[in-house]
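Novice: Fold the following, please.
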Amino acid sequence: MSKYLSIILLMFGGFNTAFADTVYLQHALPAAQADYAADIVSDALKEKSFTVTGSADGSDFIVKLGISSALDPEAFSISSANGQLDIEGGDQRGLIYAAFEVAEQLRDGKSLNSIESKQETPALPFRALKHNLPWDSYRSSSALDLHYDTVKDVKYWEAFLDMMAENRFNALTLWNLHPFPYMIKAKNFPEATRFSDKELAEWRKFYQEIFAMAKERGIDTYLVNWNVLVSKEFADAHDLEGTNYFPYYKGRADYKGEAQTSEVVKRYTKESVTQVLEEYPNLTGFGFSFGEQMGAMTPKERQDWMDETIIAGMQAADRPTKMIFRAPFSSGLGQGGSTDKATEELTRDAIEKLGDHFDGPIWMEIKFNWSHAHSTPELVKVHGGELKDTYFKPTPENYKVAWMVRNEDFFALRWGHPDFIREHLKLNAHHDYVGGYFVGSESYIPAKDYFTAIDQPVDWTYAFERQWLFYKLWGRLLYNPETPDSVFEAEFVHRYGESAKPLLTAYEAASETQLKFATATDFTWDFTIYGEGMMVMSKSGMEPMSVERLIVQPTLKDNWLSVQDFVEQRQAGEQFDNSIVTPLILANRMEADSTKALQEVKDIDTSENPSLMYEVADVKIWANLGLYYAEKLRGAVALATFRTQGEEREKQAAVNHLQNSLSLWDEVIAISRPIYKDMPLMHNNRPNNQRVDNNLFHWALIRPAIVSDIQVAKESVFKKE
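Specialist: Model prediction:
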């Protein structure tokens with residue numbers, strides 16, 4: 001652009017940088033994170049057809065990146081004046097977030113001269129994603145195995161880590177049973193790995209690249225393993241019983257998870273932790289838990305074992321490390337979950353004895369509402385049961401609680417509910433003992449797309465990219481709960497055009513189906529419910545919620561009534577105040593939410609965009625699942641009423657409602673059958689976690705069970721007491 005034209009533009013009301021050809025990107029910070037931030041801005045400018053230069057001579061605009069000591073850690077500031085845009089972070093992470101903010105505004109149509117000045121400070125210091133690895137996985141299933149090649153590809157991790165940085169997540173936690181043989185040849189236990197030196201060198205390179213890329217993006221990395229477990233090679237070499245290695249639950253039917261904690265296992269574990277930390281300088285730290293494979297040990301014995309192995313191994317490493325301390329662990333001798341105050345006191349004492357040896361606060365991970373956090377935002381239970389206030393009072397000094405938001409409920413369908421997340425943070429994040437959140441799944445890996453059935457091109461490669469809204473909502477709102485809906489609406493518009501703007505409102509209404517189903521259905525561990533399938537665990541395995549089960553099914557919250565309790569109390573003349581959610585009130589609410597969701601998307605034309613088609617289809621599937629469940633609730637109430645009162649009109653009402661629910665299930669099938677494959681689902685393992693390879697899920701596959709409910713109602717009889 002000529003100087004003459006620049007002067008003319010300035011004379012006529014300001015310099016519109018949409019016409020600027022050349023931008024001087026000023027950056028002299030000696031750090032990989034700053035280079036990454038500069039690349040973000042540079043790429044965004046080039047996408048808008050600017051020429052990015054390293055010299056101020058002849059440039060039309062200056063973009064300056066820097067660090068400001070006036071800002072808090074991870075905070076950022078953006079300001080624009082007199083042909084210069086200043087992008088500043090309180091540290092390198094903050095600078096990266098500032099760069100993404102500028103890129104987002106440019107993408108949304110802002111010119112350089114109209115970039116909105118902004119300053120943000122993180123609400124929570126710990127914002128982590130939980131990502132399981134498919135090798136030596138916690139459970140054995142084709143639903144995990146199928147991700148092996150994708151997760152082993154560094155390109156996948158580059159995309160995943162970019163997503164994390166853009167959405168302000170700052171910690172990646174990698175979970176598998178026993179990572180050491182994939183990372184090191186233990187100095188005193190070379191027999192522990194099955195890999196040749198060449199193979200192990202490839203694994204080393206893989207892990208080193210992940211940790212380096214994460215560091216470049218301002219993301220901490222943690223390994224989370226399962227304690228006393230070892231490799232099969234190690235167990236065979238030392239004549240261990242064979243229950244200490246993957247998949248440990250495929251042994252005897254009567255196996256209770258007794259621990260194999262010989263001295264050789266202790267020594268190997270401690271030395272391996274130290275060696276991994278020394279050989280992988282970009283790895284931030286470790287996480288560990290007191291549970292699986294530690295049966296027959298008292299809580300004190302488990303804690304002593306941890307002190308002597310993983311904790312001692314971390315302390316022996318000659319560098320700073322960070323720690324994730326999972327709690328609570330079992331209060332008894334079993335390896336399952338259970339809680340009591342004495343165990344909580346033991347745990348708190350053990351953490352506080354560590355003092356400030358570790359870098360920053362220790363992150364105490366606690367599962368929020370066990371494995372199904374996408375239910376109510378109120379804390380009802382944790383892994384094992386009810387949590388006392390031992391960890392919170394008095395306020396801890398060397399640790400902070402990080403709530404684990406587990407999702408074992410929806411993997412295929414997209415989900416997004418900004419107000420639920422805001423309410424969650426409002427109720428649970430403001431306490432002085434809370435430091436952050438984990439978000440992720442145990443029985444799902446967001447890597448390979450094994451869902452998409454159509455052959456037309458879509459704008460994602462990996463599974464996590466399908467769920468972009470889920471990650472953007474959790475990440476951005478954990479960083480700043482005041483982030484407005486307009487940010488997320490703009491992303492829909494950017495991806496699909498102006499007609500897609502109503503999708504955020506549609507998803508919020510449709511996502512209520514999951515929240516209400518999980519709150520109305522009490523649960524414990526991972527496979528006790530599966531939201532997008534409207535399924536529950538029985539003695540024989542996962543099955544759709546039958547009308548018989550629905551009648552007696554307890555709810556998660558005390559003020560939500562089960563069908564049976566409602567019918568009995570209503571028959572006894574009970575009056576229900578406004579705080580009580582009856583099954584019929586719940587049905588009406590689910591119907592209203594679902595109807596609203598369908599209304600929001602009815603005019604969106606998806607014929608020319610397969611990716612948009614999936615977005616709208618998922619809204620419709622959730623909405624029809626909500627309508628289905630509303631009718632099923634009404635049918636269950638009518639059937640339970642008939643059985644206690646004997647009125648034929650109630651029986652006929654039950655049949656009618658259940659026939660309506662089948663019609664709505666058929667609508668779900670009609671939408672999903674052409675676009676979704678039959679999908680491997682780990683929930684279809686047997687209740688004792690034994691692997692089942694015939695584990696496919698699709699709504700069409702479980703239709704017969706939905707049909708059978710109608711016959712149950714037709715054949716019901718009134719039995720007079």
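
Novice: rest of the way, CA atoms for contacts and neighbours
Specialist: Will do.

Novice: okay, residue 633: pLDDT?
Specialist: Per-residue confidence (pLDDT) for residue 633: 98.

Novice: tell me which element it falls in.
Specialist: Assigned by DSSP states H and E, residue 633 belongs to helix 610-645.

Novice: tell me which residues in that helix are buried?
Specialist: Across helix 610-645, burial judged by 16 or more other C-alpha atoms under 10 Å covers 610-644.

Novice: go on, stretch 695-715?
Specialist: 695-699, 706-707, 709-710, 712-713.

Novice: follow-up on the earlier one: please name every helix or strand in contact with the helix holding residue 633.
Specialist: Here helix 610-645 touches helix 503-510, helix 512-520, helix 547-552, helix 563-571, helix 583-601, helix 648-672, going by 3 or more C-alpha pairs under 8 Å, 6 or more residues apart in numbering; DSSP states H and E.

Novice: Tell me how far it lies from the chain's centre.
Specialist: Computed by C-alpha atoms, centre = their mean, to the nearest Å, the chain-centroid distance of helix 610-645 equals 25 Å.

Novice: could you give the angle of that helix to helix 583-601?
Specialist: Counting by axes from the mean of the first three to the mean of the last three C-alpha atoms, to 10 degrees, helix 610-645 lies at 160 degrees to helix 583-601.

Novice: Let me know the distance separating the residue nearest the centre of the chain from residue 387.
Specialist: In the chain, the residue lying closest to the centroid (C-alpha atoms, centre = their mean) is residue 440, at 2.6 Å. Separation of residue 440 from residue 387 (C-alpha to C-alpha, to the nearest Å): 21 Å.

Novice: Also residue 511?
Specialist: Distance from residue 511 to residue 387, by C-alpha to C-alpha: 28 Å.

Novice: Where does residue 486 fall, secondary structure wise?
Specialist: Assigned by DSSP H and E, residue 486 falls in helix 485-496.

Novice: low-confidence ranges in this protein?
Specialist: Along the chain, the model assigns pLDDT under 70 to residues 1-20, 241-243, 246-259, 291-292, 328-329, 331-332, 334-337, 688, 721.

Novice: one more time with 50, if that's ok
Specialist: Residues of the chain meeting the criterion pLDDT under 50: 1-19, 249-255.

Novice: what about the closest residue to residue 429 other than its chain neighbours, which SS state?
Specialist: Of all residues not flanking residue 429 in the chain, residue 436 sits nearest, at 7.1 Å (C-alpha to C-alpha, 6 or more residues apart in numbering). State at residue 436, reduced to three classes by DSSP: H, G, I helix; E, B strand; the rest coil: strand.

Novice: ok, now residue 169?
Specialist: Classification of residue 169 by three-state DSSP places it in coil.

Novice: May I have the residues that are in contact with the closest residue in space to the residue nearest to the centre of the chain that isn't next to it in sequence?
Specialist: Leaving aside its sequence neighbours, residue 440 sits nearest to residue 130 (C-alpha to C-alpha, 6+ apart; 4.5 Å). With contacts defined as C-alpha atoms under 8 Å, 6 or more residues apart in numbering, the neighbours of residue 130 are 172-175, 438-441.

Novice: show me what contacts residue 363?
Specialist: 323-325, 399-402, 435.

Novice: Give me the distance between residue 76 and residue 174.
Specialist: Residue 76 is 28 Å from residue 174, by C-alpha to C-alpha.
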